[in-house]
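> predicted model and sequence follow; I will ask about them next.
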Amino acid sequence: MDVKERTQRRFSIGNQLMLAVLTLSLIFTLVISAISLYRDFQEELSHLDTDLKQVESSYLSSFSASLWVEDRELLLTQALGAMRLPSVDYLRIATKDEVIIELGTEITQDVVERRWPMQFSVGEKTFELAELTVQSDLSAVYQDLWQQFFFLLTTEAIKILLLMVGVLWVAFRLLVNPLQLLSGAVSDFSGGNAPSTVTLPKRWCFDEVSLLAQKYNRSVQKVREHQAELEAERDKAEVANR
């Protein structure tokens, strides 16, 4: 056993293959799950943005008209209608001096917020009435995305695990087991001074491993023939020297 073989840790091909497949499977699973999570997150943001734009297009002008005529009761009814939108969690109509209407609880983190000035035009004049603020809570979105992430992670891990088992079985059947048989035959001198021949299990087709085993058996046969010739010559020499 040379120095390199003594210093290197023994790690079989089967273990190396299993470690490589496991590592690649984990990487692929994380990448696929992260991509799916990012795509779903962008879709959720798009839906939120659509709902918030609906507030601007459907409610802003009516809010401004009600505020202009000081109809606070109608303004509240309209604001409650806007709060029924699935993506609206907080709504505030306020001036610099007072909060006219505030519905919901103000969100300080994980939030999408939109602000629009409330204006009313009379002739060529435009009056600044207040500011409309709408917020959408992203915490529920994040929670749903994390649940989807773990679900995707689990399903992808199961699929890749099944694939890994199949790949490892094929690899052991076609490569690792034959190499172990060849390794054992090379070190087996129970039949004499030449190593033993190897007999591989039935293979699906004649491939590189089959060719390797065939050439190895031919080499062993040649070694045995050469050894037999040497022994015959030695016997002849012993007889001649008597």
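The structure has been received and is ready for your questions.

> CA only for contacts and neighbour counts going forward, please
Will do.

> according to the record, where do the domains of this protein fall?
1-174, 188-242 (automatic domain parsing).

> deepest in the core, which of those domains is it.
domain 1-174 (a mean of 15; mean count of other C-alpha atoms under 10 Å).

> state the mean pLDDT of it.
What domain 1-174 shows for mean pLDDT is 84.

> roughly how far out does it sit from the chain middle?
Domain 1-174 sits 19 Å away from the centroid of its parent chain (C-alpha atoms, centre = their mean, to the nearest Å).

> so S62 is in which element?
Secondary structure assignment for S62, by DSSP states H and E: helix 60-68.

> now the element after that helix, going C-ward?
Sequence-wise, the next helix or strand downstream of helix 60-68 (DSSP H and E) is helix 72-83.

> longest single helix anywhere in this protein?
For the chain, the helix that runs over the most residues, judged by DSSP state H, is helix 13-58.

> which helices and strands does that helix pack with?
Under the contact criterion of 3 or more C-alpha pairs under 8 Å, 6 or more residues apart in numbering; DSSP states H and E, helix 13-58 touches helix 139-171.

> contacts for stretch 209-220 next, please.
In this structure, residues lying in contact with stretch 209-220 by C-alpha atoms under 8 Å, 6 or more residues apart in numbering are L174, L175, P178, L182, A194, P195, S196, T197, V198, T199, L200.

> can you pick out the most distant pair from these?
With distance counted by C-alpha to C-alpha, no two of those lie farther apart than L174 and A194, which are 26.2 Å apart.

> if we can go back for a sec, packing partners for the helix holding S62?
Counting contacts by 3+ C-alpha pairs under 8 Å, 6+ apart, helix 60-68 is packed against helix 72-83, strand 111-122, strand 125-137.

> which strands and helices lie in contact with the first one?
I take that to be helix 72-83. When contacts are defined as 3+ C-alpha pairs under 8 Å, 6+ apart, helix 72-83 packs onto helix 60-68, strand 90-94, strand 99-104.
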